[in-house]
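> have a look at this fold, sequence not included:
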Ligand SMILES: N#Cc1c(-c2ccc3ccn(Cc4ccc(CN5CCCCC5)cc4)c3c2)n[nH]c1N
């Protein structure tokens, strides 16, 4: 997969080259290119924004600059691309979104700032490629860069070879519709708190049951919406007894 990010703050995306994802890039499992939107300005002030038509707070990002930038970035590689535009007004970005995008050959992320990007940039792009306007959550950020860091990590960890232990991607929270339960490691007792006996029993069936019960308990407590959204056949008799 190739990932391109267009932003006026390229430095914000530096964390993409750290740790697990950095190693995946070095291993050639994923390609990442970050582009400075201002490279496609032609005025001395490198203007990327202007006042909103119809009035209102703040500034809107100019369509001309974005159009030239996306044309150039898309032309740099022949693979078909999906354009992703983070916005507070977007559809929710979920694990299912990350799983769907993990199958793409190429993702191009457009990081807006100010009050966002002129809508015509999205509308014009949508005439020639798939475009998703997405939000990472119901809170307001100052720009799209942090959202792109979140989404790129969520997608990249699903790519073959990126995670050392691929099973854990399948056992993620949300993959089975539930939150994952508590995890423990050594020491056996820490500040007077011990690891639950069942996890040291060696009885894999009992351990699996305990973990499922803790996941159900946590999901019911913290995300009852997820429990309500589970398909009818997702809970077996033992789950229902819990
Ligand atoms: N993903 C994601 C995000 C973002 C996000 C993503 C991309 C951009 C680009 C610019 N901003 C800043 C911003 C902030 C508020 C508003 C709404 N206006 C407020 C004033 C009155 C009018 C409406 C617009 C633009 C962004 C924010 N925020 N939260 C998420 N989950």
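In hand now; what should we look at? If you're wondering where the values come from, they're calculated on a predicted model, not measured in any experiment. Residues are numbered from 1 along each chain as shown.

> what residues does the chain put near the ligand?
Proximity of the chain to the ligand, by C-beta under 6 Å from any ligand atom, involves residues 57, 86-88, 90, 112-113, 115-116, 135-137, 139-144, 147. Just so you know, the C-beta spots here come from the backbone N, C-alpha and C atoms, and that holds for glycine as well.

> among the residues you listed, which lie within helices?
Counted as lying in helices by DSSP state H, out of these, are residue 147.

> out of the residues of the chain next to the ligand, which are buried?
Buried members of these, counted by 16 or more other C-beta atoms under 10 Å: 86-88, 90, 112-113, 116, 135-136, 143-144, 147.

> just put those residues in CSV and tack on distance to residue 44 and pLDDT.
Listed next are these as CSV, based on distance: C-beta to C-beta, whole Å; pLDDT from 0 to 100:
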residue, distance to residue 44, pLDDT
86, 29, 99
87, 30, 98
88, 32, 98
90, 34, 98
112, 23, 98
113, 20, 98
116, 25, 98
135, 35, 98
136, 35, 98
143, 24, 98
144, 26, 98
147, 31, 98
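
> from those, which land in strands?
Among those, the ones falling in strands (DSSP state E) are 86-88, 90, 135.

> farthest-apart pair in these, please.
The two members of these with the most space between them (C-beta to C-beta) are 86 and 88, at 8.5 Å.

> what sits in contact with each of these two?
Counting by C-beta atoms under 8 Å, 6 or more residues apart in numbering, the contacts common to residue 86 and residue 88 are residue 135.

> now do the same contact list for residue 207.
198-199, 201.

> and which of those is nearest residue 21?
Set against residue 21, the nearest of the contacts of residue 207 by C-beta to C-beta is residue 199 (30.8 Å).
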